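Undergrad: Sequence and predicted structure, then a few things I'm wondering about:
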Amino acid sequence: MSTLEIRDLQVAVEDKEILRGVNLTVKSGETHAIMGPNGSGKSTLAYAIAGHPKYTITGGQVLLDGADLLELSVDERARAGLFLAMQYPVEVPGVSVSNFLRSAVTAVRGEAPKLREFAKDLKNGMDALSIDPAFAQRNLNEGFSGGEKKRHEILQMELLKPKIAVLDETDSGLDVDALRVVSEGINRFRASGETGVLLITHYTRILRYVKPDFVHVFAGGRIVEAGGPELADKLESEGYEQYTKASA
Amino acid sequence: MGLNEKPLSTLHEKASYDLADFEVPTGREEAWRFTPLSRLKGLHNGEAASSEAVGHVRVDVDAAPEVTVETVGRDDARVGKSFVPGDRVSAQAWNSFEKATVITVPREAVTSKHTVLTLTGSGDGAAYGHIVVKVEPLAEAVIVLDHKGSAVYADNIEFIVGDGANLKVVSLQDWDDDAVHVSHHHAQLAKDATFRSFVVTFGGDLVRLSPSVSYTAPGGDADLSGVYFVDAGQHLEHRLLVDHSQPNCKSNVDYRGALQGQDAHAVWIGDVIIRVEAEGTDTYELNRNLILTDGARADSVPNLEILTGEVAGAGHASASGRLDDEHTFYLQARGIPYDEARRLVVRGFLGQLIEKIQIEEIRERVFGALEAELAR
């Protein structure tokens, strides 16, 4: 049982205040959707929790099972059980997918996986996400299509088995088929009930495949409304306009 | 070729076997402006040659059975046939060497193993060398030049690749920290000849290596690759010149380096000339530098001079940048510690080239040297 607790989080980028006091608690077995218009600070929340150097924490706390994540380096946070599926995974020339995944799994588990076991896990994971096995030998994200990158992010999540996964617009740029494959991956991952998911999205489309327990509306750098899945339906029909007006 | 068609980039140059034809460089010349002359230990101004201190570079050859190895005097007819010195230090080396090593790969011979020349430096003063590798028509050979020890060394190496012949060369500059090495590699390609050069420069205080390629007939194909790793205080300079003077020849240049530490300095000059008569030339040159710390500097100057409108392809690119925060962030976000992330990225960056080395033991050695540099 794990808990991610975000308390009054305030974040700036180059002296510009982006997050203005975010409060949110995500527990194992729960799926929270954060929805909001472009520029509302959704991605900032994701990157600040993961520890991207561009973001400066100006106030608040982020606790994972009581330990302060903000005190940890990026890799320490990941090893503590945090995972961020990125909206724009970067291409890393010369680093093969299989080498990268083995290094990551070794780092997170604290020991190198048995080669045969790892190969089997990797193959099963790739099969489940309809990823061509040849990808294992390719350079990390290099020349991957948008959909391939996102599937590869989900593959990493399934292999690393984090306590809390933050998915930053994993649905953006996906066609319906890719969205279904990716959603199935997320559903497999959360079916264990041992992990919490924070799903950040602009559109309600993915929520038809990945049913959230809680929906939060994000505007102007904070959560402005919270509710159950029905809130997503309301956003579907009414849009974000009332919130952007209110926060402006 | 008329007088008016001489390539601009060669207008200032001269070529001569006579040392007196070259003025002592002052550092203001285009060819010398990046090189710290004070660290050349007199190789450029005659002081090393007139000094009483003596240096040695011993040449040991572990040859493939198909090749002949000879040590010859200055008067041997095969020496100095494929090139004329183009700068002061090259001319100094030409005038000062005593014995040359001549490797001959006989016509149509395909060597059963690679031939290793180990050059080991010792002593206090300067040493000079000359090597000729002659690959006769339709022969194939692999040559490894392994430079080690401590030296103040200037040399010229001639690679003469005959009709339809294939020569692969790996040159390792694995010198001790105090070594000074100024070297010229001249490759002369005959009809349909293939030349593959791979330069690895990790060691030495100052290394200035100038590989050049010329063609005597159509169909030549040259591929020049290089990796270098520059540490604090090191000056590693590579100056490439590919002179396309024949139609339908190819060249490809790809040099990559990583730099770390205060006053680590890399210089890469890539000159490619496509002369009027070199129609159908296909050439590309690339240099990339990865700067890992503050205080390091990379100078990268590609120069492509095209004098004919009829080329098959001609391009160049140069990029020097810092280790990308987004790369390390991505890897760290997957739990990989920073040092390991940095190692993966640098190994990937240079490894794509190092993989081209076909001799497994050399490739593994270069990867090992890279790991050692990254662990510093």
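TA: Cool, got the structure. Residues are numbered from 1 along each chain as shown, chains lettered A, B, ... in the order given.
Undergrad: okay, A:E238: pLDDT?
TA: Note on A:E238: pLDDT of 88.
Undergrad: Okay, strands next: where are they in chain A?
TA: Along chain A, the stretches classed as strands by DSSP state E are A:3-13, A:16-27, A:31-35, A:56-64, A:67-68, A:82-85, A:92-96, A:139-140, A:164-168, A:196-201, A:214-219, A:222-227.
Undergrad: tell me the contacts of B:V142?
TA: Listed by Cβ atoms under 8 Å, 6 or more residues apart in numbering or on different chains, the contact partners of B:V142 are B:111, B:113-115, B:167-170, B:358-359. Where C-beta positions appear, they are placed from N, C-alpha and C, glycine not excepted.
Undergrad: Quick one: the helices in chain B, in order.
TA: Along chain B, counting by DSSP state H, helices occupy B:47-50, B:88-96, B:325-332, B:338-354, B:360-374.
Undergrad: What is the neighbour count of the closest residue to chain A within chain B?
TA: Here the residue of chain B nearest chain A is B:G348; by Cβ to the nearest Cβ that distance is 2.5 Å. The tally of other residues near B:G348 (other Cβ atoms under 10 Å in any protein chain shown) stands at 19.
Undergrad: what sits against residue 71?
TA: Just going to use chain A. Per Cβ under 8 Å, 6+ apart, neighbours of A:E71: none.
Undergrad: Can you look at chain B instead?
TA: Shown in contact with B:T71 (Cβ under 8 Å, 6+ apart): B:59, B:99-102.
Undergrad: so which of the residues you listed is the most crowded?
TA: The residue in the contacts of B:T71 with the most neighbours, by other Cβ under 10 Å, is B:A100 (23 neighbours).
Undergrad: What residue, apart from its backbone neighbours, is nearest that residue spatially?
TA: Nearest residue to B:A100, sequence neighbours excluded (Cβ to Cβ, 6 or more residues apart in numbering or on different chains): B:H130, at 4.0 Å.
Undergrad: wait, the one you found sits on B:A154?
TA: No: applying Cβ atoms under 8 Å, one finds B:H130 not in contact with B:A154, separated by 10.0 Å.
Undergrad: Can you pull the residues that touch both of those two?
TA: B:A93.
Undergrad: higher neighbour count, these two?
TA: Per other Cβ under 10 Å, whichever of B:H130 and B:A154 has more neighbours is B:A154, with 30 against 22.
Undergrad: Next one: the closest residue to chain B within chain A relative to B:D223, how far apart?
TA: Nearest residue of chain A to chain B: A:G94, at 2.5 Å (Cβ to the nearest Cβ). Distance, A:G94 to B:D223, using Cβ to Cβ, to the nearest Å: 19 Å.
Undergrad: which one is the residue nearest to the spatial centre of chain A nearest to, not counting chain neighbours?
TA: Nearest to the geometric centre of chain A sits A:L167, at 1.9 Å (Cα atoms, centre = their mean). Closest residue to A:L167 apart from its sequence neighbours, by Cβ to Cβ, 6+ apart: A:A85 at 4.5 Å.
Undergrad: which residues pair with the nearest residue to B:L40 once chain neighbours are set aside across the strands?
TA: Excluding the flanking residues, the one nearest B:L40 by Cβ to Cβ, 6+ apart is B:V180, at 6.2 Å. Going by DSSP bridges, B:V180 is paired in beta bridges with B:V152, B:L206.
Undergrad: Next, count neighbours for B:V180.
TA: Neighbours of B:V180 (other Cβ under 10 Å): 25.
Undergrad: which residues are contacting the least confident helix or strand in chain A by mean pLDDT?
TA: Lowest by mean pLDDT, DSSP states H and E among the helices and strands of chain A is helix A:241-247, with a mean of 75. The contact list for helix A:241-247, computed with Cβ under 8 Å, 6+ apart, reads A:36-37, A:40, A:217, A:219-220, A:224-225.
Undergrad: looking at these, which has the most residues close by?
TA: Ranked by the number of neighbours (other Cβ under 10 Å), the contacts of helix A:241-247 place A:G36 first, at 27 neighbours.
Undergrad: what sits against that residue?
TA: Contacts of A:G36 by Cβ under 8 Å, 6+ apart are A:42, A:202, A:217-219, A:240, A:243.
Undergrad: Output those residues in a markdown table; the columns should cover distance to B:F202.
TA: Shown next, in a markdown table, are the contacts of A:G36 (distance: Cβ to Cβ, whole Å):
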| residue | distance to B:F202 |
| --- | --- |
| A:K42 | 47 |
| A:H202 | 49 |
| A:V217 | 57 |
| A:F218 | 51 |
| A:A219 | 55 |
| A:Y240 | 57 |
| A:Y243 | 58 |
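Undergrad: tell me which of the residues you listed is nearest to A:F135?
TA: A:H202 (27.4 Å; Cβ to Cβ).
Undergrad: in terms of contact, does the closest one touch A:G39 like I think?
TA: No: in this structure, A:H202 is not within contact of A:G39 by Cβ under 8 Å, at 10.6 Å.
Undergrad: Between those two, which has more neighbouring residues?
TA: A:H202 (16 against 13).
Undergrad: contacting residues for the more buried one?
TA: Neighbours of A:H202 in contact, by Cβ under 8 Å, 6+ apart: A:35-38, A:42, A:169, A:172.
Undergrad: for the stretch 101-250 of chain B, what spans make up the strands?
TA: B:115-123, B:126-135, B:140-149, B:152-161, B:166-173, B:180-189, B:194-201, B:206-215, B:221-230, B:235-244, B:250-259 (DSSP state E, counting those that start in this stretch).
Undergrad: and these as CSV, adding distance to B:V267 and mean pLDDT?
TA: Listed next are those as CSV, based on distance: least, Cβ to Cβ, whole Å; pLDDT from 0 to 100:
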stretch, distance to B:V267, mean pLDDT
strand B:115-123, 22, 97
strand B:126-135, 22, 98
strand B:140-149, 19, 98
strand B:152-161, 18, 98
strand B:166-173, 14, 98
strand B:180-189, 13, 98
strand B:194-201, 11, 98
strand B:206-215, 8, 98
strand B:221-230, 10, 98
strand B:235-244, 4, 97
strand B:250-259, 10, 98
